[in-house]
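*Asks:* Give me coordinates for this.
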Amino acid sequence: MFESQSGRAISAGGPTLVALTEPTAAAAAADAEAQVPSQTSRGRRPGTPGAAGTPVSGATVSASGILRRQSQRESAARTYARSLPIVPVRARGLTIEGADGRRYLDCLSGAGTLALGHNHPVVLEAVRGVLDSGAPLHVLDLATPVKDAFTTELFANLPPALAADARIQFCGPAGTDAVEAALKLVRTATGRSGLLAFTGAYHGMTAGALDASGGAADVRVTRLPYPQDFRCPFGVGGSEGAELGARWTENLLDDPKGGAPAPAGMIVEPVQGEGGVLPAPDAWLRRMREITEARGIPLIADEVQTGVGRTGAFWGVDHAGVVPDVLVLSKAIGGSLPLAVIVYRAGLDVWAPGAHAGTFRGNQLAMAAGTATLAYVRENRLAERAASLGERMLTALRGLAADHPCIGDVRGRGLMIGVELVDPETGDSAPALAAAVRQECLDRGLIVELGGRHSAVVRLLPPLTLTDEQAGAVLDRLADAIPAAARRAH
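*Replies:* Got it, this is the predicted structure:
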């Protein structure tokens, strides 16, 4: 059983799950502080006034007015604001408090950015330290003590074989900027223009990153099959499906009539996030490393969402023991603030000064927050905790799936979890049902988002500081939301 915060037991389809303890007393104290969103709701629990999803007193901002003005003024391209019509005014740890006084458990976490949750004490202390020091906040790419500390901490956490011979490029503030830099880097180093990418990939929203993402058309990208069990492109799944994909890749690259342009690199996500929470099998990822290495093709690992402990290892590639030629990093490395870098083998560092730049690549606050986050995850072994707690949550959700035929698949790695909703009669993806589950979750004070080919996968990306009690509360609300949405659909 997984004991939820409301006291309800969710069947995990296996033995009783033993509660985990926090890694250190300091971590426990910080997490306890991070669970308190405001003085108005201190100490309250779900089901009581001030609990998540219920109103609290003291709201002074007109949420309806702000939302109305947003819809009038902002671009039609806005996304999360459409499905999550809330106005956050305070946040701490897992919890967000809206302008309407309602509280929510945030399992979106800034699309995976908030490794330590909202406003973690060590992050706030790091940011205040820079502000109080009088240090410049904008320095382009000049050397500073803050940058030196960040780079030192980052290199200390890299795969040793990469750290021993690595260079770092500070890019623009978003992950998509780092993807653009990585593509430009390998094209410059190899003199080739082609690119190998995978079905279902997502690498950002700028032109080059979109070219490498699933659904792109008329580009210089060769699309390869990404392995998955539930909807295997070869209809077999498992290790056999992954092996077929690897053989297809080898054959295509070695076939002089295959039609694939000479590749400058291969870019891969260790777990596809937007693609529907699809973990790459370790053996398959090792095959991709062997295939690229044998043919002199740089391997780019997009760790924008999987990095810094999210998957149960510090980097997603660590599970397979793979050392890529280029790591693309953003999101969690900035400690909730905008920061993006690529780290790559020194042999690729052949571009000229100014070949890739960005006005805001010297964000000192983000570097300080990132240093604190990287150190906290390392010192408190949060990657290991994410592995243990994530596996327990997956087990509980698979137990839930046994009772609900609309749950087609439960998958993930660490605290990167996906639940695919399907039509029980046809097995087809059920995006309308997934959207209804998202709304039912929001009504219960739980923020989740959707992913996958047809937006039919409910995604959970909670902070790595998630406690056992909080995990139970998340599962409890999701367990209520799914049957409620299924009933509404019929």
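
*Asks:* now this structure, which segments are flagged as low pLDDT?
*Replies:* Residue ranges of the chain with pLDDT under 70: 1-60, 205-207, 209-210, 215-219, 490.

*Asks:* Tell me what residue 342 is bridged to.
*Replies:* Note on residue 342: beta-bridge partners by DSSP bridges are residue 169, residue 328.

*Asks:* Return the alpha-carbon coordinates of the longest helix along the chain using CSV.
*Replies:* Secondary structure of the chain read by DSSP state H shows that its longest helix is helix 468-489. Output of helix 468-489 as CSV, limited to C-alpha atoms (Å, rounded to 0.1, in the frame of the first residue of the first chain):
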residue,chain,number,x,y,z
ASP,A,468,6.4,10.5,1.3
GLU,A,469,3.3,12.3,2.6
GLN,A,470,3.2,14.6,-0.4
ALA,A,471,3.7,11.7,-2.8
GLY,A,472,0.7,10.1,-1.1
ALA,A,473,-1.4,13.2,-1.5
VAL,A,474,-0.5,13.5,-5.2
LEU,A,475,-1.4,9.8,-5.9
ASP,A,476,-4.7,10.2,-3.8
ARG,A,477,-5.8,13.2,-5.9
LEU,A,478,-4.9,11.5,-9.2
ALA,A,479,-6.7,8.3,-8.1
ASP,A,480,-9.8,10.4,-7.5
ALA,A,481,-9.5,12.4,-10.7
ILE,A,482,-9.2,9.5,-13.2
PRO,A,483,-12.5,7.7,-12.4
ALA,A,484,-14.3,11.0,-12.1
ALA,A,485,-13.1,12.0,-15.5
ALA,A,486,-14.0,8.6,-16.9
ARG,A,487,-17.5,8.9,-15.5
ARG,A,488,-18.0,12.3,-17.0
ALA,A,489,-16.8,11.1,-20.4
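
*Asks:* Which strands or helices does that helix pack on?
*Replies:* Judged by 3 or more Cβ pairs under 8 Å, 6 or more residues apart in numbering; DSSP states H and E, helix 468-489 is in contact with strand 2-3, strand 9-10, strand 103-106, helix 382-401, strand 416-421, helix 431-443, strand 446-447, strand 457-460. From N, CA and C alone the C-beta is placed, and that goes for glycine too.

*Asks:* Pipe these into a markdown table and attach mean neighbour count and distance to residue 273 per row.
*Replies:* Compiled in a markdown table, the helices and strands packed on helix 468-489 are given as follows (neighbours: other Cβ atoms under 10 Å; distance: least, Cβ to Cβ, whole Å):
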| stretch | mean neighbour count | distance to residue 273 |
| --- | --- | --- |
| strand 2-3 | 21 | 24 |
| strand 9-10 | 17 | 25 |
| strand 103-106 | 25 | 16 |
| helix 382-401 | 21 | 14 |
| strand 416-421 | 27 | 7 |
| helix 431-443 | 20 | 15 |
| strand 446-447 | 25 | 16 |
| strand 457-460 | 28 | 7 |
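
*Asks:* Tell me which of the ones you listed lies nearest to residue 150.
*Replies:* helix 382-401 (18.3 Å; Cβ to Cβ).

*Asks:* Next, the angle strand 416-421 makes with the closest one.
*Replies:* Computed with axes from the mean of the first three to the mean of the last three Cα atoms, to 10 degrees, the direction of helix 382-401 lies at 10 degrees from that of strand 416-421.

*Asks:* hang on, the earlier thing: between the helices and strands packed on helix 468-489, which gets nearest to residue 295?
*Replies:* With Cβ to Cβ as the measure, strand 416-421 is the member of these nearest residue 295 (30.2 Å).

*Asks:* So what touches that closest one?
*Replies:* In this structure, residues lying in contact with strand 416-421 by Cβ atoms under 8 Å, 6 or more residues apart in numbering are 112, 230, 271, 273, 276-278, 305-306, 310-311, 390, 393-394, 397, 401, 406-412, 429-431, 433-434, 437, 451-452, 456-461, 478, 482.

*Asks:* Which one, of the helices and strands packed on helix 468-489, ends up nearest to residue 374?
*Replies:* helix 382-401 (10.5 Å).

*Asks:* Kindly provide the distance from residue 433 to residue 483.
*Replies:* Between residue 433 and residue 483 the distance is 11 Å, computed by Cβ to Cβ, to the nearest Å.

*Asks:* Which one of the helices and strands packed on helix 468-489 lies nearest to residue 200?
*Replies:* strand 457-460 (11.0 Å).

*Asks:* Adjacent strands (with direction) for that closest one?
*Replies:* When sheet partners are counted by DSSP bridges, strand 457-460 sits next to strand 416-421 (antiparallel), strand 449-451 (antiparallel).

*Asks:* who touches it?
*Replies:* Taking contacts as Cβ under 8 Å, 6+ apart, the residues outside strand 457-460 that touch it are 107-108, 273, 276-277, 393, 412, 415-421, 434, 437-438, 441, 448-451, 474, 478.

*Asks:* and with 6 Å instead?
*Replies:* 107, 276-277, 417-420, 434, 437, 448-449, 451 (Cβ atoms under 6 Å, 6 or more residues apart in numbering).

*Asks:* where does that strand sit relative to the chain's centre, distance-wise?
*Replies:* Counting by Cα atoms, centre = their mean, to the nearest Å, strand 457-460 is centred 11 Å from the centre of its parent chain.

*Asks:* try stretch 245-258
*Replies:* That offset, for stretch 245-258, works out to 31 Å (Cα atoms, centre = their mean).

*Asks:* I would like the residues contacting it, please.
*Replies:* Identification of contacts with stretch 245-258 by Cβ under 6 Å, 6+ apart yields 224-225, 227, 260, 284, 287, 291.

*Asks:* Show me what counts as buried in that stretch.
*Replies:* Using 16 or more other Cβ atoms under 10 Å as the test for burial, stretch 245-258 gives 245-246, 249, 253.

*Asks:* Which ones among those residues map onto helices?
*Replies:* 245-246, 249, 253.

*Asks:* Tabulate those residues (TSV), appending distance to residue 168.
*Replies:* Converted to TSV, those look like this (distance: Cβ to Cβ, whole Å):
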residue	distance to residue 168
245	32
246	31
249	29
253	30
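
*Asks:* Among the residues you listed, pick out the one closest to residue 297, please.
*Replies:* residue 253 (8.0 Å).

*Asks:* Mind jotting down where the strands sit in the stretch 101-250 of the chain?
*Replies:* Applying DSSP state E, counting those that start in this stretch to the stretch 101-250 of the chain gives strands spanning 103-106, 166-170, 194-198, 221-224.

*Asks:* tell me which residues in stretch 402-409 are buried?
*Replies:* Neighbour-count burial for stretch 402-409, counted by 16+ other Cβ under 10 Å, picks out 406-409.

*Asks:* Okay, now that stretch: how far is its last residue from its first?
*Replies:* Start-to-end span of stretch 402-409 (Cα to Cα, to the nearest Å) is 10 Å.

*Asks:* and if you look at stretch 234-243?
*Replies:* One end of stretch 234-243 to the other measures 10 Å (Cα to Cα).

*Asks:* In it, which of the residues would be classed as buried?
*Replies:* Judged by neighbour count using 16+ other Cβ under 10 Å, the buried positions of stretch 234-243 are 241-243.

*Asks:* Over to stretch 74-85?
*Replies:* By neighbour count with 16+ other Cβ under 10 Å, stretch 74-85 contains the buried residues residue 84.

*Asks:* next one: stretch 191-199
*Replies:* So for stretch 191-199, counting by 16+ other Cβ under 10 Å, buried means 192, 194-199.

*Asks:* Residues contacting that stretch, please?
*Replies:* Residues contacting stretch 191-199 (Cβ under 6 Å, 6+ apart): 187, 212, 214, 220-226, 261-264, 266-267.

*Asks:* Okay, residue 418 and residue 389: tell me how far apart.
*Replies:* Residue 418 is 16 Å from residue 389, where distance means Cβ to Cβ.

*Asks:* No further questions, thank you.
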